[in-house]
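whatever this is, show me its structure:
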Amino acid sequence: MFTGLIEARGEVLRLDHEPGQPDARLEILAPRVTDDAAPGDSIAVNGVCLTVVTVTDGGFTADVLPETLRRTSLGELAPGSPVNLERALAASARLGGHIVQGHVDGVATLASRTAGERWDDLVFEAPRELLRYVAEKGSVAVDGISLTVTGVTARGFGVSIIPTTSRETTLGALEVGARVNLEVDVLAKYVERMLQWREEEAR
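Residues are numbered from 1 along each chain as shown. Sure, this is the predicted structure:
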């Protein structure tokens, strides 16, 4: 489990994705999050929970399964791409963001970006089937970053990012048209499922 509070930005060293092969191997330069890492540990990469396969000199490698490539934007990474990184939450740590599983639900696209006095307003277009879980003033994870939703429309949602978020994560340089990994609030999905179950039991 993660919190959506990014610890560091890493850099993609390589993405081995052979044509015709369903999976890939990702290597990331990430000295700030690998000083205590070991094979089997979980590290969120742009919001995707990956398992460390090997720890390299200042980085790590991870396998990316076909389901992950299909549901996320990791397959679009290239050598030099910056990525948001967060180690799994320790049981004794503060939950400063919100509950993030690292199980990406889909991909959203940055539709617009407006600069404010000390913040930026970002609007993302998202799949309609995911927008039902997004609520104004609720939480959403965008490329692994815990953000508060400022508004919801029929096509997407808005967030505002402060200078620290802009400086310390990939959102600062994100351009209109870029695709991001989206994880909706798991609590909303559980509420929906419980209501569905109650309706099914009542039939």
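
in this model residue 87 seems to touch residue 144, though I could be wrong.
No. Using CB atoms under 8 Å, residue 144 is not in contact with residue 87; the gap is 11.5 Å. (Glycine included, C-beta is placed from N, CA and C.)

tell me, what's touching these two both at once?
Common contact partners of residue 144 and residue 87 (CB atoms under 8 Å, 6 or more residues apart in numbering): residue 44.

okay, the two: which has more neighbours?
For residue 144 versus residue 87, neighbours defined as other CB atoms under 10 Å are more numerous around residue 144 (29 against 20).

which residues touch that one?
Contact analysis of residue 144 by CB under 8 Å, 6+ apart lists 2, 4, 6, 44-48, 84-86, 100, 102, 181, 183.

now, which of these sits nearest residue 133?
Nearest to residue 133 among the contacts of residue 144, counting by CB to CB, is residue 183 at 9.7 Å.

surely that closest one and residue 145 touch.
No. Contact criterion CB under 8 Å: residue 183 and residue 145 do not qualify, at 10.1 Å.

overlap in contacts of these two?
residue 47.

ok, the two, which is more surrounded?
Neighbour totals were compared for residue 183 and residue 145, and residue 183 leads with 30 against 25 (other CB under 10 Å).

check the gap between that one and residue 20 for me.
Going from residue 183 to residue 20 by CB to CB, to the nearest Å gives 29 Å.

mind checking the SS state of residue 62?
strand (DSSP: H, G, I helix; E, B strand; the rest coil).

dump the residue contacts of it.
The neighbours of residue 62, taking CB under 8 Å, 6+ apart as the test, are 25-26, 28, 43, 45, 50-53.

among the residues you listed, which lie within strands?
25-26, 28, 43, 45, 50-53 (DSSP state E).

among those residues, which two are most distant?
Going by CB to CB, the pair spanning the ones in strands among the contacts of residue 62 furthest: 25 and 43, at 14.7 Å.

can you point out the buried residues in the longest helix anywhere in the chain?
In the chain, taking DSSP state H as the definition, the longest helix is helix 186-202. Within helix 186-202, the residues scored as buried using 16 or more other CB atoms under 10 Å are 186, 188.

distance from it to the middle of the chain?
25 Å (CA atoms, centre = their mean, to the nearest Å).

what do you get for stretch 179-189?
Mean-position distance between stretch 179-189 and its chain equals 8 Å (CA atoms, centre = their mean).

ditto for stretch 11-19
Distance, stretch centre to chain centre, for stretch 11-19: 19 Å (CA atoms, centre = their mean).

CA atoms only: put the helix or strand residue 130 falls within into CSV for me.
Per DSSP states H and E: residue 130 is located in helix 128-131. Taking C-alpha atoms only, helix 128-131 is exported to CSV below (Å, rounded to 0.1, in the frame of the first residue of the first chain):
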residue,chain,number,x,y,z
ARG,A,128,-16.4,7.6,-18.3
GLU,A,129,-16.5,4.3,-16.5
LEU,A,130,-14.0,5.7,-14.0
LEU,A,131,-15.5,9.1,-13.5
